[in-house]
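[1] Below is the structure, and that's it, no one-letter string:
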């Protein structure tokens, strides 16, 4: 992976040193059983990047299941995530299996709900590359990347890649070398494009496009619209490709990670995993003008394995991403979700690359290693340890990652959100 890509996908805050940040507290390390850290018990890239199996399960007819989450927002907001630590009861975790996407689903294991139905009626035919179609009456765009050839009976994982503030779907595609990764590691990449209507107005400064509807100022209707956009893309991609319904993941960077945190909540019954790279949930700002929605479930959310990464206490750009990340971890503990925590020391900038042949793309392997049917807080990492190429500053469970030490190589584009009053 090229350093230029890493620089582009992390929006760094060269001018955010004056941003007011919220207080946060450290989480207690999780229990350690048999010398392995375990999650608490409470409910593209370069061609050498991702070590995933190409073996896929046999074709299985879609089962009957409960319908997917509703997109309707709650009538009244629930309280924000509390700032105090959440203690986990001393109950041993289930036995983790050495599995990954494509492994046969065990008998009696949870199945994902039926795939969503396109809100526009009959799905259009999508081409590789940029596509524009109607979702909830709006013309929306995304970039579709898929293997150039498929094997008989092959089912492909699907990763949704949400871009950062000041970025674009095309920027994610080209700077991330996504096509090469898709060809080698056999998945479908869906790279949504922002609609361009989510903005805040700073008096006497300017209007700033915040890309996705993750702010407290975003209306419930706008959030529901974006969730339906996700549903529509998935419905129509699945109509065209044989997808692995046990391996659908959302990956976000910065603003895209803030949105992934909200989508992960709204679609917990759909997503097999989530990767949140400098994101999280609120409150995480010292101003009401610009803050992130808290964790406000409309129903008890399903546990979803989640990778949570941030750049340490200096990871700020209008909000404090360490605070937002720890808020998210507390919510994940409360929903009995497995957590892989990664903490570097380079702020809201390019995560350091320990192995240049892998780069941060090694993090995407998390999605391929966590199929839908894993038990709550279960992970193959408990059984076999972290995979080769995973940064040494990643560890299982909140409060367990050792913040990376060493110098940083700044180079990300400046954060384009000025210090707020």
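    On my side now, so go ahead. Note that the structure is predicted; figures quoted are calculated from it, not measured.

[2] only C-alpha atoms for contact and neighbour calcs from this point on.
    Noted.

[3] Who does residue 310 form a beta bridge with?
    As for beta bridges, residue 310 partners with residue 343 under DSSP bridges.

[4] you'd agree it is up against residue 340?
    No: using Cα atoms under 8 Å, residue 310 is not in contact with residue 340; the gap is 11.7 Å.

[5] So which of those two has more stuff around it?
    residue 310 (32 against 25; other Cα atoms under 10 Å).

[6] Could you pull out the buried residues of the longest helix anywhere in the chain?
    Ranked by residue count and defined by DSSP state H, the top helix of the chain is helix 220-240. Buried residues in helix 220-240, counted by 16 or more other Cα atoms under 10 Å: 220, 222-239.

[7] And it, what does it pack against?
    For helix 220-240, the elements it packs on are strand 129-135, judged by 3 or more Cα pairs under 8 Å, 6 or more residues apart in numbering; DSSP states H and E.

[8] The strand it packs on: what's the following helix or strand?
    Following strand 129-135 in sequence order, the next helix or strand is strand 138-145 (DSSP states H and E).

[9] Which secondary structure elements does the helix or strand following that next one sit against?
    Using DSSP H and E, the next helix or strand after strand 138-145 towards the C-terminus is strand 156-162. Applying 3+ Cα pairs under 8 Å, 6+ apart, we find strand 156-162 packed against strand 188-192, strand 243-253, helix 255-266.

[10] would JSON lines of those with mean neighbour count and mean pLDDT be doable?
    Output for the helices and strands packed on strand 156-162, formatted as JSON lines (neighbours: other Cα atoms under 10 Å; pLDDT from 0 to 100):
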{"stretch": "strand 188-192", "mean neighbour count": "26", "mean pLDDT": "97"}
{"stretch": "strand 243-253", "mean neighbour count": "25", "mean pLDDT": "96"}
{"stretch": "helix 255-266", "mean neighbour count": "27", "mean pLDDT": "96"}
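
[11] Out of these, which is closest to residue 302?
    helix 255-266 (8.5 Å; Cα to Cα).

[12] tell me the angle of that closest one relative to strand 243-253?
    Interaxial angle of helix 255-266 relative to strand 243-253 (axes from the mean of the first three to the mean of the last three Cα atoms, to 10 degrees): 130 degrees.

[13] got the contact list for helix 255-266?
    Helix 255-266 is touched from outside by 69-71, 161-165, 210-214, 227, 250-252, 271, 274-281, 292-293, 295, 297, 301, 304, 328, with contacts defined as Cα atoms under 8 Å, 6 or more residues apart in numbering.

[14] one more time with 6 Å
    Contact with helix 255-266 is made by 162-165, 214, 252, 276-277, 279-280, as judged by Cα atoms under 6 Å, 6 or more residues apart in numbering.

[15] And those residues, which is closest to residue 381?
    Each of those was checked against residue 381 using Cα to Cα; the closest is residue 276, at 18.0 Å.

[16] SS state for the closest one?
    Under DSSP: H, G, I helix; E, B strand; the rest coil, residue 276 falls in the strand class.

[17] Just list whatever residues bridge to it.
    Here residue 276 sits in beta bridges with residue 252, residue 308, going by DSSP bridges.

[18] Now do the same contact list for it.
    Taking Cα under 6 Å, 6+ apart, one finds 252, 257, 307-308 in contact with residue 276.

[19] For residue 342, see how far away it is.
    Counting by Cα to Cα, to the nearest Å, the separation of residue 276 from residue 342 is 10 Å.

[20] what's the burial count for residue 216?
    16.

[21] Tell me who's in contact with it.
    Residue 216 makes contact with 291-293, according to Cα under 6 Å, 6+ apart.

[22] Backbone dihedrals for it, please?
    phi -60, psi -20 (degrees, to the nearest 10).

[23] how near is it to residue 290?
    8 Å.

[24] if we can go back for a sec, so how do I select the buried members of the contacts of helix 255-266 in PyMOL?
    The buried subset of the contacts of helix 255-266, as determined by 16+ other Cα under 10 Å, is captured in PyMOL by this line:
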select buried, resi 162+163+164+165+214+252+276+277+279+280
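
[25] Kind regards, and thank you for your time.
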